[in-house]
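**Student:** got a sequence here, can you build the structure:
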Amino acid sequence: MLFVLAVLGVVGALAGDRMVPNPLLLDVAVTLGMAAGILLGVATAQVLRARAPRDHEPASTLTPATPTPEPPEADGAETPAPAVGAWKLPDLPNVDSIWTITIVIAAGGAQAIVLVLLKGASFSAPSLLAAGLAAGFCLVAAGLSGTAARYLEGVDPSRLPEAPGLCRGARVATWILVFAALSFGLELAGLNAILRFLHFGVLAVDAAVCYGFVRAGRPGVNAAPRFPLDSAVFSILGSRTNFVASALDSAEAQLGIDLRSTWALTVVRRGLEPLVIGLCFLAWLSTSLTVVGIQDAGLIERLGAPVGGEPLSPGLHVHWPWPVDRVVRIPVKSVETLEVGHEGEEGGGPENVLWAVEHAPNEYTLVLGNGRDLITVDAAVVYRISDPRAWRYHSQNPAEALKAIAYRAVMRNTVDRTLSDVLSENLAAVTARMREMVQADADALGLGVEVMAFTVGGMHPPVPVAPDYEGVVSAELGKVTAVVDAQAYRNRTLPAAESSVLTALSRARAQAAGSLAQAAGQAWSFRTLEAQYRAAPQEYYFRRRLETLEKGLSVLPFTVLDARIERDGGELWLTQ
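**Tutor:** Numbering: from 1, shown residues only. Okay, here's the model as predicted:
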C-alpha cells in the first residue's frame with residue numbers, strides 16, 4: 001500500500017508541476033520516487049527472508065545464533081565458531097538483488113536530481129485556487145507519511161529489521177512535503193530567495209541519501225537479506241519527530257556534549273520569540289523595496305488606487321510596505337506578439353508551410369462577405385506598450401481588447417470579398433491597411449500601445465475542407481484547361497476548313513469558266529460547220545467522211561486505192 005501511494009504521489013507531483021510550476025514539486029517527485037524504490041527493496045528483502053527456511057533445510061529462524069563449540073579436527077586445527085549476532089543463513093543466489101535495487105535507486109535518484117538542476121528553478125505566481133489545491137495535496141501526502149512513520153515506530157525490529165530506518169525516512173519525507181506545501185505561500189508572496197534555498201536544501205538531502213546507498217556497499221556472502229537503511233541523513237533528521245531536536249541528538253552523540261544545557265542554546269531559547277518576531281517584521285519591511293527591471297516601468301497602487309506621477313524607472317525604489325502599496329511592472333521596452341487566427345503553440349521543428357496542414361491546436365474559421373466562403377487567417381499583431389498607465393487602467397483586459405480589434409480589422413478587410421478575391425489580393429497592402437485599422441481602434445480605446453506591424457503568415461481555406469477545396473480548384477483548373485484546349489483546336493481547325501472551302505470554291509469557279517469556254521467554243525465550231533454545210537453539202541460530207549476515216553485509221557497501216565487509177569491508164573498489180 002505504501003508503494004502504491006508513493007507511486008501515485010510521484011504522478012501527482014509531476015502533474016501538479018505542469019499546472020502550477022514550482023521547483024519543490026519536482027523535489028517531492030524525486031523524494032517519493034526514491035521512497036518507492038526503498039519500499040520495493042524492503043519488500044524484496046522480506047521475500048528473501050521468508051524463502052530461506054523453505055529452500056534450505058535445516059534452516060534457523062531469523063534470531064541471533066549463540067556460538068557453540070565444536071570438536072577440533074584431526075590435524076589439531078579448530079573450526080572458528082560463528083560470531084555472536086551473525087545470521088545462520090546459507091548463501092542465497094538472490095541476495096544480490098537487494099544490492100542491485102540499492103544501486104538502481106542511487107543512480108536513478110542522482111539522474112533525477114541532475115535533470116531537475118538542468119531544468120532550473122522557474123517561479124511564477126499561481127492562482128490562489130491552484131496554489132491551495134497543490135498545497136492541500138502536499139499536506140495530505142505529509143499526513144499519510146507521518147501516519148506511516150508513527151506506525152513503523154511501533155513495529156518490532158525482529159519482525160521487520162528495516163522498520164527503524166523506514167520510520168526515520170518517513171519523518172524526513174513528511175518534513176519535505178510540509179516544506180513543499182509552505183512553498184506555495186512563499187511563491188504567492190514573491191519570496192523566491194527562500195523558495196530557492198528550500199529547493200536546493202531538499203535536493204541536497206536527496207543527494208545525501210543516494211550517496212549513503214552507494215557507500216553501503218555490497219552485502220557479504222552469508223549476510224542476512226536486509227535493505228541498507230542506516231543512512232546518516234535519516235539518523236540526523238529523522239531520529240525524532242522534530243528534525244531540529246533530531247539534529248541536536250545527533251550532534252550530542254557525535255560530540256559527547258549536551259547542547260541543550262549550553263548557555264548559547266539557553267540564550268537562543270529565551271530570544272527565539274523576539275528573534276522570530278523581528279525576522280517577520282524585517283520580512284514585512286522588505287516588501288517596501290521593489291526592483292524594476294530594465295525593460296519595465298512600475299506603477300504604484302496604494303490601497304487599490306493608482307498613484308499619480310511618472311511611472312517608476314528601472315532600479316531600486318522604496319514605497320509603503322504591503323498591503324498599503326503594490327507595484328505593478330509593465331514591460332514597456334519589450335516587443336510583444338499577439339496571435340490572431342488560432343490559439344495554442346505550434347509544434348516544434350521546421351515550420352510546415354503547406355496550408356492543408358493544421359499549424360496550431362485551435363485554428364479559427366472566418367466567414368467571408370458573401371456568406372458562402374470560409375477562410376482561416378494565420379496572423380500576428382506586433383506591438384509595444386507606449387503608455388503603461390493607459391494599458392493598465394483604461395481597459396480591464398487590454399490584451400483581449402487588442403485581440404478583438406485585430407479580428408475586427410480582419411473582418412473589415414474580408415467582409416465584401418469572395419475567397420478568390422482575398423487570396424489574389426496584394427498581401428503587403430492588406431497588412432498595411434490592417435495595421436492602420438488596429439492602431440486607429442487602439443488609440444480610440446486608449447490602450448496605450450504602438451502597433452509596429454501586422455503580419456499575415458497565411459490566408460487560406462479551413463484545413464478540414466482542404467480535400468474538398470482542392471477538388472474544386474482542380475475542377476476549375478480542368479475547366480480552364482478544357483476551354484483553352486477547345487480554343488486551340490478551334491484556332492487550328494477553322495483556318496484549315498476555311499482554306500479548304502476557298503480552294504474548292506476557286507477550283508469550282510475555274511472548272512465552270514473552263515466548261516463555259518469549252519461549250520462556247522463547241523457552239524461556235526458547230527455554227528461554223530453548219531455554215532459550211534449550207535454552202536456545199538457534198539463537199540462537207542466528203543470531207544467529214546475522210547476525217548472520220550483518218551481518225552479511225554490513224555493507228556493502223558492502210559493503203560488507199562482509187563478507181564481513177566485504171567481510168568487514167570494505170571494498172572495495179574497484187575503480188576504475194
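**Student:** so where's the stretch 401-550 of the chain uncertain?
**Tutor:** 415-427, 457-470, 472-473 (pLDDT under 70).
**Student:** let me fix that: the stretch 151-300 of the chain
**Tutor:** Scanning the stretch 151-300 of the chain for pLDDT under 70 picks out 217, 219-223, 245, 248-249, 251-272.
**Student:** need the strands for it, in chain order.
**Tutor:** 289-292, 296-302 (DSSP state E, counting those that start in this stretch).
**Student:** how about the ones you listed in CSV, adding distance to Arg49 and mean neighbour count?
**Tutor:** Bear in mind the C-beta positions are built from the backbone N, C-alpha and C, glycine included. Below are these laid out as CSV (distance: least, CB to CB, whole Å; neighbours: other CB atoms under 10 Å):
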stretch, distance to Arg49, mean neighbour count
strand 289-292, 60, 16
strand 296-302, 63, 19
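**Student:** want to throw the ones you listed into a markdown table with distance to Gly154?
**Tutor:** Shown next, in a markdown table, are those (distance: least, CB to CB, whole Å):
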| stretch | distance to Gly154 |
| --- | --- |
| strand 289-292 | 50 |
| strand 296-302 | 55 |
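**Student:** then stretch 552-562 to PDB, C-alphas only?
**Tutor:** The C-alpha coordinates for stretch 552-562 follow below in PDB (Å, rounded to 0.1, in the frame of the first residue of the first chain):
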ATOM      1  CA  GLY A 552     -10.400   5.700-137.200                       C
ATOM      2  CA  LEU A 553      -7.400   4.500-139.200                       C
ATOM      3  CA  SER A 554      -4.900   6.700-137.500                       C
ATOM      4  CA  VAL A 555      -3.300   3.800-135.600                       C
ATOM      5  CA  LEU A 556      -3.500   1.200-138.500                       C
ATOM      6  CA  PRO A 557      -1.400   0.800-141.600                       C
ATOM      7  CA  PHE A 558      -3.600   1.200-144.700                       C
ATOM      8  CA  THR A 559      -3.400   1.700-148.500                       C
ATOM      9  CA  VAL A 560      -5.800   3.900-150.500                       C
ATOM     10  CA  LEU A 561      -6.900   2.500-153.900                       C
ATOM     11  CA  ASP A 562      -8.600   4.900-156.200                       C
END
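**Student:** can you point out the buried residues in that stretch?
**Tutor:** Buried residues in stretch 552-562, counting neighbours by 16 or more other CB atoms under 10 Å, are absent.
**Student:** run through who's touching it.
**Tutor:** Applying CB atoms under 8 Å, 6 or more residues apart in numbering, the contact partners of stretch 552-562 are Leu572.
**Student:** state which helix of this structure is the longest.
**Tutor:** Identified as the longest helix of the chain according to DSSP state H is helix 466-535.
**Student:** which helices and strands does that helix pack with?
**Tutor:** Other helices and strands packing on helix 466-535, by 3 or more CB pairs under 8 Å, 6 or more residues apart in numbering; DSSP states H and E, are helix 537-552.
**Student:** check which residues of the helix it packs on are buried.
**Tutor:** Here helix 537-552 shows Tyr540 as buried, counting by 16+ other CB under 10 Å.
**Student:** wasn't Arg326 part of a strand?
**Tutor:** Yes - secondary structure assignment places Arg326 in a strand (DSSP: H, G, I helix; E, B strand; the rest coil).
**Student:** partner residues bridging it?
**Tutor:** On the basis of DSSP bridges, Arg326 is bridged to Glu301.
**Student:** tell me the pLDDT of it.
**Tutor:** Arg326 is assigned 85 on the pLDDT scale.
**Student:** could you look up the SS state of Arg329?
**Tutor:** For Arg329, the assignment made with three-state DSSP gives strand.
**Student:** that one and Asn192, how far apart?
**Tutor:** Using CB to CB, to the nearest Å, Arg329 is found at 14 Å from Asn192.
**Student:** when these two are compared, which one has more neighbours?
**Tutor:** Per other CB atoms under 10 Å, whichever of Arg329 and Asn192 has more neighbours is Arg329, with 17 against 14.
**Student:** excluding chain neighbours, what is closest to the more buried one?
**Tutor:** Spatial nearest neighbour of Arg329, excluding adjacent residues (CB to CB, 6 or more residues apart in numbering): Asp296 at 4.3 Å.
**Student:** so the one you found makes contact with Val328?
**Tutor:** No - using CB atoms under 8 Å, Asp296 makes no contact with Val328, being 9.5 Å away.
**Student:** roughly how far does Leu117 sit from Ser235?
**Tutor:** For Leu117, the distance to Ser235 - CB to CB - is 26 Å.
**Student:** please apply the same query to Met437.
**Tutor:** 71 Å.
**Student:** buried stuff in stretch 195-202?
**Tutor:** 195, 198-199, 202.
**Student:** returning to what we had before: so Leu117 and Ser235 - more neighbours on which side?
**Tutor:** Ser235 (19 against 15).
**Student:** please name the nearest non-neighbouring residue to that one.
**Tutor:** The spatially closest residue to Ser235, leaving aside those adjacent along the chain, is Ser250, at 6.1 Å (CB to CB, 6+ apart).
**Student:** any idea how many residues pack against that neighbour?
**Tutor:** Neighbours of Ser250 (other CB under 10 Å): 16.
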